[in-house]
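[1] my questions are about this predicted structure, shown below with the sequence.
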Amino acid sequence: MANIERELPLFPLGGTVLFPGMNLPLQIFEDRYVQMMADITQHDSCFGVVLIKEGKEVGAPATPYEVGTVAQVIKREGTPDGRIILLAEGQERFRSLNIVQQRPYLIARVEFLSFEEPSISQSAMQVREKYIDYARLLAGMSNEWMKEVKVPDEATELSYLVAHSLDVNPLVKQGLLEMLSVEERLIAEIEILDLTMDHVRQRVRREGPSQRFSTN
C-alpha cells in the first residue's frame, strides 16, 4: 500500500526532535510563524516539526532533515506583545519529498511513514526495565525518590517515550526517529540506555548525587 502524501508547513527547530505521542511547548514570535499558525488554524491545525540540518531557527530559511513528525496544536493563547504560546502533540512521522514553498515559511510535499508492529518483543521488555532504572537513577541524581515509573505497555509508544526522554545529542534522537522498525529502535535504545547509565554512575562516583549531567 502506498504511503499517504500531503503538503505540510514545516517548523525547523535547532536541538529539538519531536516524537509521536509526545508534547512540544512553543513560543511563536517571528512573523512568518505567526502567519503559519493563522493559516493552519483554517485547516487541521497541523504542521511538521523537523530538526535543522543547516542554518538557524531565526532568519533565512533553514535546511531541515527529511524525516520529521506532524505536530497538532492542542492548546494556544496569544500574549499582549503578539507572541503565541502553544502546546502541540506529535502525531505521525513523515518524510519530506520536496519543498514546494520557501517563503514566508517552508511548505513540503511529504509522505507519512509506516512500519510493521512487532507482535512480541523481547527487546521491549529489556527497554522497559532499563528505562525504569534510568528514570530512578536520574531522580536519585536530584536527591529525589521515585516510587513508580509509568511506562507504556505497547512497544511503539514505549520506544517513542524512551527516545523523547533520553538526555542525548539531538542527532542521536534524529537517528531514532528515522528508524523504520520499532524493533530496530528498541535495540538501539538498549545500547544507549546502557551507555548513558554507565556515564551517570561514573559522574555520581566522581561528583556525588546532587550533580546534574548531560551526555551531549
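    Nice, thanks for sending it over.

[2] doesn't residue 47 fall inside a helix?
    No - residue assignment for residue 47, taken from DSSP: H, G, I helix; E, B strand; the rest coil, gives strand, which places it outside any helix.

[3] can you map out the strands along the chain?
    Shown for the chain, the strands assigned by DSSP state E span residues 5-13, 23-28, 46-54, 63-64, 67-78, 84-101, 107-112.

[4] for residue 133, find the nearest of those strands.
    Proximity to residue 133, assessed across the strands of the chain by C-beta to C-beta, is greatest for strand 23-28 (24.2 Å). No exception for glycine: its C-beta is placed from N, CA and C like everyone else's.

[5] run through the chain and note the low-pLDDT ranges.
    Segments of the chain classed as low confidence (criterion: pLDDT under 70) are 1-2, 57-60, 115-120, 141-147, 204, 207-216.

[6] all helices for it, in order.
    If you assign secondary structure with DSSP state H, the helices in the chain sit at 31-41, 122-141, 155-165, 170-178, 182-207.

[7] any idea which of the ones you listed gets closest to residue 69?
    Distances from residue 69 to each of the helices of the chain were compared by C-beta to C-beta, and the smallest falls on helix 170-178, at 7.0 Å.

[8] in TSV, list the strands of the chain along with distance to residue 182 and mean neighbour count.
    Converted to TSV, the strands of the chain look like this (distance: least, C-beta to C-beta, whole Å; neighbours: other C-beta atoms under 10 Å):
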stretch	distance to residue 182	mean neighbour count
strand 5-13	23	19
strand 23-28	21	16
strand 46-54	20	20
strand 63-64	24	18
strand 67-78	15	18
strand 84-101	12	17
strand 107-112	16	18
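
[9] redo those strands as JSON lines? Include distance to residue 39.
    Output for the strands of the chain, formatted as JSON lines (distance: least, C-beta to C-beta, whole Å):
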{"stretch": "strand 5-13", "distance to residue 39": "7"}
{"stretch": "strand 23-28", "distance to residue 39": "12"}
{"stretch": "strand 46-54", "distance to residue 39": "9"}
{"stretch": "strand 63-64", "distance to residue 39": "19"}
{"stretch": "strand 67-78", "distance to residue 39": "12"}
{"stretch": "strand 84-101", "distance to residue 39": "11"}
{"stretch": "strand 107-112", "distance to residue 39": "10"}
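
[10] around the residue lying closest to residue 111 once chain neighbours are set aside, how many other residues sit close by?
    The spatially closest residue to residue 111, leaving aside those adjacent along the chain, is residue 3, at 4.2 Å (C-beta to C-beta, 6 or more residues apart in numbering). When neighbours are defined as other C-beta atoms under 10 Å, residue 3 has 13 of them.

[11] same question, residue 80
    Counted with other C-beta under 10 Å, the neighbours of residue 80 add up to 5.

[12] I figured residue 162 was touching residue 132, is that so?
    No - Residue 162 is not in contact with residue 132 according to C-beta atoms under 8 Å; the separation is 10.5 Å.

[13] compare those two (neighbour count), which wins?
    Each of residue 162 and residue 132 has its neighbours counted (other C-beta under 10 Å); residue 162 has more, 27 against 15.
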